[in-house]
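Undergrad: sharing a model that was predicted from the sequence below.
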Amino acid sequence: MDKLKLTSSEIGTLWGEYVNGTMTDVVIRYMFSIIEDESIKNIFEDAIKTFEKQKKQIVTFMENEGFPVPIGFTESDLNKGAERLFTDIFCLTYLHIMTLHSMLGHTTALGVSVRKDLRDFYDSCDNDGKKMYHQTIELLLEKGNFQRDPLFYPAVNPEIISSQDFTDGLFGKGRRLSAPEIISISFNLKKSIMAKTLSIGFSQVTQTKEVRKFLEHSEKTADEQIQSLSDIMHSDNLPIPKSWETEVTTSTDSPFSDKLMLYHIGFLFQAAQSYHGAGLASAMRTDLVKTYESAILKNLMVTKKWFNLMVQNKWLEQPPLAPNRKEIAKEK
């Protein structure tokens, strides 16, 4: 089985793992350099070593198949010695959120992998991710900085939906939020809060006017989505995750290249589309449906601006493409 050629899906996941992984690795290396709390620093050291191991294996897979290794992000995207832009606790929260992203990515990659060596690789990546997930949560809980999702009080007996009003969440006539709906709301809130915070930090330090304008737009878009979902939670007297804006310092000294910062925000908004889509699929209240539909449309507008800006600056790397049969035929 290991002699099988890698499929387009398998190459595609390896390519994505490399580009997104090297992006996160640069950020984590910077955070490792500024963190003062030894317990947090130790986890970041583990994260750096873990990706270094994974990166070597990805390179081996691609080179053995004759595919060029992506450029991704390198030391040239890291400005060593830059002033502190984030607090220690935000760095830990960042690692936790990006670990969640990587776990979902590994699961997707495993789901399209056929070759045993590749399946074994993603199994090990998943195990690494789960270990990091446990470590970050335990430390966030220990430091009192992990906000759990809202608690419910148990009903006496199971209940059956008996009215079509169950779907009406407008004008205060509808029922309270269900547990499955809160899963997606909390997940989307946490991701949007992270996108907003990074947009604020990156907009402070970018040296490019156009990039700053985009980051201010992405911050505003993320904030609108946070407010919309928060209003729905507040209407049921439910708490929302804390914001992290105050964990960004006043530094204007950029730790990263504009290319990395712009790509990172684009990555978060593209990932958010799948989370909003999952929220839409689980929503059974009309106000939630409208909120997710609006968020998806606005995210598409953000990613369109992002794509144009990345291409304009020649920062967007092209993934492997299917062969152009018409062009091949013309060459004969």
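TA: Right, received. Where do you want to start?

Undergrad: going by C-alpha atoms from here, please, whenever you check contacts or count neighbours.
TA: Noted.

Undergrad: around Lys41, count how many other residues there are.
TA: 19 (other C-alpha atoms under 10 Å).

Undergrad: what residues are up against it?
TA: Contact analysis of Lys41 by C-alpha atoms under 8 Å, 6 or more residues apart in numbering lists Phe32, Ile35.

Undergrad: let's see it at 10 Å
TA: Residues counted as contacts of Lys41 (C-alpha atoms under 10 Å, 6 or more residues apart in numbering) are Met31, Phe32, Ser33, Ile34, Ile35, Ala47, Asp88, Cys91, Leu92.

Undergrad: give me the low-pLDDT residue ranges for the stretch 51-200 of the chain?
TA: 153, 162-174 (pLDDT under 70).

Undergrad: just the buried residues of stretch 31-50, please?
TA: Met31, Phe32, Ile34, Ile35, Ile40, Lys41, Ile43, Phe44, Ala47, Ile48, Thr50 (16 or more other C-alpha atoms under 10 Å).

Undergrad: my error: substitute stretch 264-279 in the last question.
TA: By neighbour count with 16+ other C-alpha under 10 Å, stretch 264-279 contains the buried residues 264-270, 272-273, 275-277, 279.

Undergrad: look up how far His106 lies from Cys125.
TA: Using C-alpha to C-alpha, to the nearest Å, Cys125 is found at 7 Å from His106.

Undergrad: what's the average pLDDT for stretch 235-251?
TA: Average pLDDT, stretch 235-251: 92.

Undergrad: alpha carbons only: can I get it in PDB?
TA: What follows is stretch 235-251, C-alpha atoms only, in PDB (Å, rounded to 0.1, in the frame of the first residue of the first chain):
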ATOM      1  CA  SER A 235     -31.200  37.700  25.500                       C
ATOM      2  CA  ASP A 236     -31.200  34.300  27.300                       C
ATOM      3  CA  ASN A 237     -29.100  35.700  30.200                       C
ATOM      4  CA  LEU A 238     -26.100  33.600  29.200                       C
ATOM      5  CA  PRO A 239     -22.400  34.600  29.600                       C
ATOM      6  CA  ILE A 240     -20.100  35.100  26.600                       C
ATOM      7  CA  PRO A 241     -16.400  34.400  26.400                       C
ATOM      8  CA  LYS A 242     -14.100  37.200  27.600                       C
ATOM      9  CA  SER A 243     -12.400  39.500  25.100                       C
ATOM     10  CA  TRP A 244      -8.700  39.700  24.700                       C
ATOM     11  CA  GLU A 245      -8.100  43.300  23.400                       C
ATOM     12  CA  THR A 246      -6.400  44.400  26.600                       C
ATOM     13  CA  GLU A 247      -3.800  41.600  26.200                       C
ATOM     14  CA  VAL A 248      -2.400  43.500  23.200                       C
ATOM     15  CA  THR A 249       0.400  46.000  24.200                       C
ATOM     16  CA  THR A 250       0.900  49.400  22.700                       C
ATOM     17  CA  SER A 251       3.900  48.300  20.700                       C
END
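
Undergrad: how about the helices in the stretch 1-150 of the chain?
TA: 8-34, 38-64, 88-111, 116-142 (DSSP state H, counting those that start in this stretch).

Undergrad: same question but for the stretch 151-300 of the chain, I mixed them up
TA: Using DSSP H, counting those that start in this stretch, helices in the stretch 151-300 of the chain cover 179-205, 209-235, 258-282, 286-312.

Undergrad: mind giving me the packing neighbours of the second one?
TA: For helix 209-235, the helices and strands in contact under the criterion 3 or more C-alpha pairs under 10 Å, 6 or more residues apart in numbering; DSSP states H and E are helix 179-205, helix 258-282, helix 286-312.

Undergrad: since that was my last question, I'll sign off now.
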